[in-house]
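Participant: One predicted model, sequence on top.
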Amino acid sequence: MLPTLLIVDDERSTREGLRSALEEEFDVYLAAGTAEAARILKAERIDLLLTDLRLGGESGMDLLESALKLPEPPVAVMMTAYGSVDTAVEAMRRGAWHFVTKPLNLDEVEMLLKRALRNRRLETENVQLTQQIQETRKLDRLIGKSPEMVRVGDLIRQVAPTRATVLIEGESGTGKEVVAQSIHQLSGRPAGKLVTVHCAALSPQLLESELFGHEKGAFTGAAQRRIGRFEQADGGTLFLDEIGEIDAATQVKLLRVLSERTIERVGSNTPVKVDVRVIAATNRNLRSLVDAGTFREDLFFRLNVVRIEMPPLRTRREDVVLLASAFLKEFAAENGRPVKPLADEALERLLAYDWPGNVRELRTVIEHGVVMSNDADIRLRHLPAFLTGAEGPAAGPASVSPGPEAFPGILNLQELESHAIRCALAAADGNRTRAAELLGVSRRTLQRKLNLLHL
């Protein structure tokens, strides 16, 4: 397919002569004035514009300016019988690529147009390459070359430029928040904020105020109006982490926001329009919560427009080395240490371990190794104790449970709860989400117990 060329000149002999000389190399359109040229530019995709500066009583400069405002502007070359420096500078200043003087040398014109076209192609390729590099950098934190992670990366690229709501499911520590950050960065709204709400960390009353805001006097202690997270994220992205923990009343209000794109602050009946892209995440299976009657089916459908499932680390062991390498560099820089390699014995143990805490647990292990090693490398003895004592792939914190000998005499129920929570937190290295999983309760329940028992 030949590149398109629009020639604009009020002299018919000049137009026809140029067409005869150039039609083998270009798909040529002709116009005698600015109005006819404007119609062609609007109707056709023109690659090159060759126009005289003086078109009878009209100005080629005006045509140049209107052509350069098009969504896909042509490369413009100006013709002038008045080859003064001032005229050339003015044309270039307004966006012309180059100019030629009359009488025209047809070979020179053809060569100049081909150079202009090559220059445009190089500029386009450079823009595309820059965009690709930027996209790659925005996915830098999403580390992994396993088939599962390649699929996750492809899904992120596909969904990011759209407005679609995304549901990210996966075990705790798999990197769901990193996925949300990547979607936001690759979206058409990266200048807007990415606002995060950890739903399980708040009571239903606090969560409602946190999401939608409140008016002065809406409840005891509401001394002034407060803008909620939806309004803070206007023009950007709202990430709702642990969405499966929200109560029934908040589910209803969230469904309305997703349906109508409006919110009402607590204590107000005035709707407020918001332009927010919602990404939700959960370590629970929302479909099973719907079946159990604890999560609204209509809200599930609103959230589950596009579903991304983060694979657990144990199913993509080929990514352990890549992740460990990235974390070694990160924590060496953070702690002012040289980057040290993992000894073979340490690497073998990392590859054999089942990682119940997933990527988050691996980060903790690598940071521990970086801090504890004074040798030239990081050896098995530098890793946390639960790893150095592991004997098989399934060994680790998830298998820790206190036996009868752990209980000193007869304890009341409160003491038993306190002891169980302390054991779970110790086994989880203080990670409350993983400790809740070990105890078989939600993170919100664990947090409530911690407050009640003053732990």
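Facilitator: Looks like it arrived, so ask away. Residues are numbered from 1 along each chain as shown.

Participant: Correct me if wrong: Leu155 contacts Val306.
Facilitator: Yes: using CB atoms under 8 Å, Leu155 makes contact with Val306 at a distance of 7.2 Å. Backbone N, C-alpha and C define where each C-beta goes, glycine included.

Participant: In terms of helix, strand or coil, where does the residue nearest to Leu289 when sequence neighbours are not counted fall?
Facilitator: In this structure, Leu289 finds its nearest non-sequential neighbour in Phe295, 3.8 Å apart by CB to CB, 6 or more residues apart in numbering. At Phe295 the chain is in coil, as set by DSSP: H, G, I helix; E, B strand; the rest coil.

Participant: Pop the domain breakdown of this protein in here.
Facilitator: For the chain, automatic domain parsing gives the domain ranges 4-128, 147-311, 314-397, 400-452.

Participant: Tabulate the ones you listed in JSON lines, adding columns for distance to Arg141, mean pLDDT and mean neighbour count.
Facilitator: Listed next are these as JSON lines, based on distance: least, CB to CB, whole Å; pLDDT from 0 to 100; neighbours: other CB atoms under 10 Å:
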{"stretch": "domain 4-128", "distance to Arg141": "23", "mean pLDDT": "87", "mean neighbour count": "16"}
{"stretch": "domain 147-311", "distance to Arg141": "5", "mean pLDDT": "91", "mean neighbour count": "18"}
{"stretch": "domain 314-397", "distance to Arg141": "9", "mean pLDDT": "87", "mean neighbour count": "17"}
{"stretch": "domain 400-452", "distance to Arg141": "20", "mean pLDDT": "67", "mean neighbour count": "15"}
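
Participant: contacting residues for Asn335?
Facilitator: Counting by CB atoms under 8 Å, 6 or more residues apart in numbering, Asn335 makes contact with 370-371.

Participant: how close does it get to Gly369?
Facilitator: 11 Å (CB to CB, to the nearest Å).

Participant: For those two, list the residues in contact with both.
Facilitator: By CB under 8 Å, 6+ apart, no residue touches both Asn335 and Gly369.

Participant: Strands along this structure, start to end?
Facilitator: Taking DSSP state E to define them, one finds strands in the chain at 4-8, 27-31, 48-52, 54-55, 58-59, 75-80, 98-101, 166-169, 194-198, 237-241, 262-263, 272-273, 277-282, 306-309.

Participant: For Arg432, find the nearest of these.
Facilitator: Arg432 lies closest to strand 194-198 among the strands of the chain, at 11.1 Å (CB to CB).

Participant: Ok, which of the strands of the chain comes nearest Ala435?
Facilitator: Among these, strand 194-198 comes nearest to Ala435, with 15.9 Å by CB to CB.

Participant: quick check: angle from the closest one to strand 277-282?
Facilitator: 30 degrees (axes from the mean of the first three to the mean of the last three CA atoms, to 10 degrees).

Participant: Run through who's touching strand 194-198.
Facilitator: 177, 180-181, 184, 207, 210-211, 229, 232-233, 236-242.

Participant: Please narrow the residues you listed to those residing in helices.
Facilitator: Those of these mapping onto helices are 177, 180-181, 184, 207, 210-211, 229, 232, per DSSP state H.

Participant: follow-up on the earlier one: export the strands of the chain as CSV, with columns for distance to Ala352.
Facilitator: Supplementary listing: the strands of the chain in CSV, determined by distance: least, CB to CB, whole Å:
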stretch, distance to Ala352
strand 4-8, 63
strand 27-31, 65
strand 48-52, 63
strand 54-55, 78
strand 58-59, 77
strand 75-80, 61
strand 98-101, 66
strand 166-169, 27
strand 194-198, 33
strand 237-241, 31
strand 262-263, 50
strand 272-273, 54
strand 277-282, 29
strand 306-309, 25
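
Participant: Of all these, which one is nearest Gly440?
Facilitator: Using CB to CB, the nearest of the strands of the chain to Gly440 is strand 277-282, at 17.1 Å.

Participant: Packing partners of that closest one?
Facilitator: Here strand 277-282 touches strand 166-169, helix 176-186, strand 237-241, going by 3 or more CB pairs under 8 Å, 6 or more residues apart in numbering; DSSP states H and E.

Participant: Tell me which strands the last one pairs with, and in which orientation.
Facilitator: Looking at strand 237-241 with DSSP bridges, its paired strands and their directions are strand 194-198 (parallel), strand 277-282 (parallel).

Participant: what angle sits between the last one and helix 176-186?
Facilitator: Between strand 277-282 and helix 176-186, the angle formed by their directions is 170 degrees, by the same axes, to 10 degrees.

Participant: Could you tell me how far strand 277-282 lies from the centre of the chain?
Facilitator: 12 Å (CA atoms, centre = their mean, to the nearest Å).

Participant: contacts for that strand?
Facilitator: If you take CB under 8 Å, 6+ apart as the criterion, strand 277-282 is touched by 163, 165-170, 176-177, 179-180, 183-184, 187, 189, 236-244, 258, 303.

Participant: wait, Phe26 sits on Pro3?
Facilitator: Yes: with contact defined as CB under 8 Å, Phe26 counts as touching Pro3 (5.6 Å).
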